[in-house]
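Novice: give the three-dimensional model of this entry:
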Amino acid sequence: MLEAESPVTGKTAPTEYSGDPSSGQQSSRRSSQRANPSKGGWDRRQVRFGEMLTPLGELGRSLIFVGPGVLWVMFFLVLPGLLLVVYSFLSRGDFGQIQLPLTLDNYLRILGYGPLGWTPIYWQILGRSLLVAAVTTFFCVLLAYPLAFFIAAHPPRQRDLLLTLVVVPFWTNLVIRTYAWMLVLGPEGWPARLAAWIGWIPPQTALYPSWLAVYLGMVYTFLPYMVLPLYTAVERIDWRLAEAARDLYANGWQVFWRVLFPQTLPGLASGLILVGIPAFGMFVVPDLLGGSKTLLIGNVIQLQFGSSLDYPFGAALSFLVTGLTLGLIYAYSRYAGSRSLEDLV
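Specialist: From the prediction side, this is the model:
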């Protein structure tokens, strides 16, 4: 038995001695590690990924799992984006080659300043693209809400069948589906015959190229992107709140707007992003169903990298569209993140 003096009372108290000299060394080692937790550094082992790993081993294990995804993003997203920025400040040669000197002419051209003076053509194309994206998103929301509620009201087995029918268009390439719309809207299709019978168009005339055909193709293309997130939100609705609103004499519109709609806002926000952003840069549907009447920003970019061989100007347009899209997403996330669901209604 040993006696140790208490630092509080000043009295001595008996302590037991195990007789093992190594126990005192281990105790002093643990005391020194508690006093200096940074001691050990890369040799300190902790439980990570279900096993004891040093910080260096944990870093290596993380790189194994995260490294491929990071490399994929770097090579196929970040690096092409940086190349677009660099190309946008270069010049176009006489035969379409990319060359020096560095210049701001590509961005001035977007603003409307060219060799012949100022023109608002690119502002008009940009505004037209935003309008088409907004109209497409609006009609997708208008059609997706009743469809999402209709699917959610069925038993689970029938829901699976209905959801499969919603995603069936994804099994076919977008270009093939757009050509199918050209056949449907052609002179021999029933929509064109019905329009000719009503007197909207002359007989034996197709419904494309036209703005109607563009909006039909756009809504058809992006409707599943709005239905799926809305269906996920509708499936999680707490219907007890709707029953309580009914007990308080709320009509059908009040129940939907005050009770059901706020619960679907997360799905609606996802749908707006999934539909609005691709619709803003779409060029296949407007090019095939609209022709030269519906020149959008996506078509202009495609022309610069295609027949025009003006890569620097196409890079400047692409960078502008990317920056505008990211800016809208950032503004919406800040707006939605700083407000509650009730404030958004």
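
Novice: only the buried residues of stretch 182-189, if you could.
Specialist: When burial is assessed from 16 or more other Cβ atoms under 10 Å, stretch 182-189 yields the following buried residues: 182, 184-185, 189. (Glycine included, C-beta is placed from N, CA and C.)

Novice: and if you look at stretch 132-151?
Specialist: For stretch 132-151, the neighbour count (16+ other Cβ under 10 Å) marks 132-133, 135-137, 139-141, 144-145, 147-149, 151 as buried.

Novice: what about the helices in the stretch 151-300 of the chain?
Specialist: With DSSP state H, counting those that start in this stretch as the criterion, the stretch 151-300 of the chain has helices at 156-167, 174-184, 190-198, 211-235, 239-247, 252-255, 261-263, 265-281, 284-290, 297-305.

Novice: mean confidence score for the next helix or strand after the last one?
Specialist: Proceeding N to C from helix 297-305, the next assigned helix or strand is helix 311-337, under DSSP states H and E. Regarding helix 311-337, the rounded mean pLDDT is 84.

Novice: packing partners of helix 311-337?
Specialist: Under the contact definition 3 or more Cβ pairs under 8 Å, 6 or more residues apart in numbering; DSSP states H and E, helix 311-337 sits against helix 79-88, strand 91-92, helix 105-111, helix 265-281, helix 297-305.

Novice: I'd like those laid out as CSV, including mean pLDDT, mean neighbour count and distance to Ile98.
Specialist: Listed next are those as CSV, based on pLDDT from 0 to 100; neighbours: other Cβ atoms under 10 Å; distance: least, Cβ to Cβ, whole Å:
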stretch, mean pLDDT, mean neighbour count, distance to Ile98
helix 79-88, 90, 14, 6
strand 91-92, 88, 18, 7
helix 105-111, 89, 17, 11
helix 265-281, 91, 20, 23
helix 297-305, 90, 20, 12
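
Novice: before we move on, the earlier item: what's the closest of the buried residues of stretch 182-189 to Ala250?
Specialist: The closest of those to Ala250 turns out to be Val184 (Cβ to Cβ; 42.4 Å).

Novice: using a markdown table, lay out the helices of the stretch 151-300 of the chain together with distance to Gln124.
Specialist: Below are these laid out as a markdown table (distance: least, Cβ to Cβ, whole Å):
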| stretch | distance to Gln124 |
| --- | --- |
| helix 156-167 | 35 |
| helix 174-184 | 24 |
| helix 190-198 | 28 |
| helix 211-235 | 15 |
| helix 239-247 | 46 |
| helix 252-255 | 39 |
| helix 261-263 | 35 |
| helix 265-281 | 15 |
| helix 284-290 | 15 |
| helix 297-305 | 10 |
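
Novice: and of those helices, who's closest to Val73?
Specialist: Across the helices of the stretch 151-300 of the chain, Val73 has its closest neighbour in helix 265-281 (17.9 Å, Cβ to Cβ).

Novice: what's the distance between the closest one and the middle of its chain?
Specialist: Here the centre of mass of C-alpha atoms in helix 265-281, compared against the chain's by Cα atoms, centre = their mean, to the nearest Å, lies 7 Å away.

Novice: next: stretch 286-306.
Specialist: 23 Å.

Novice: can you tell me the distance between the two ends of it?
Specialist: Stretch 286-306 has an end-to-end distance of 16 Å (Cα to Cα, to the nearest Å).

Novice: ok, and what's touching it?
Specialist: 122, 125-126, 128-129, 132, 175, 178-179, 181-182, 185, 208-211, 213-214, 216-218, 280-283, 310-311, 313-314, 317-318, 321 (Cβ atoms under 8 Å, 6 or more residues apart in numbering).

Novice: now these: which count as buried?
Specialist: If you count burial by 16+ other Cβ under 10 Å, the buried members of the contacts of stretch 286-306 come out as 122, 125-126, 129, 132, 178, 181-182, 185, 208-210, 213-214, 216-218, 280-283, 310-311, 313-314, 317-318, 321.

Novice: how about Asp238, phi and psi?
Specialist: Backbone torsions for Asp238, taken as degrees, to the nearest 10, come to phi -90, psi 100.

Novice: for it, which non-adjacent residue is spatially closest?
Specialist: Gln263 (6.8 Å; Cβ to Cβ, 6 or more residues apart in numbering).

Novice: same thing with Leu143?
Specialist: Nearest-residue entry for Leu143: Leu223, 6.0 Å, with adjacent residues in sequence omitted and distances by Cβ to Cβ, 6+ apart.

Novice: hang on, the one you found packs against Leu142?
Specialist: No: Leu223 is beyond contact range of Leu142, at 10.1 Å (criterion: Cβ atoms under 8 Å).

Novice: Ala250: how many residues sit nearby?
Specialist: Burial of Ala250 is recorded as 16 neighbouring residues (other Cβ atoms under 10 Å).

Novice: tell me how many other residues surround the nearest residue to it once chain neighbours are set aside.
Specialist: Across the structure, with Cβ to Cβ, 6+ apart as the measure, the residue nearest Ala250 apart from its sequence neighbours is Arg258 (7.0 Å). Around Arg258 sit 15 other residues, with neighbours defined as other Cβ under 10 Å.
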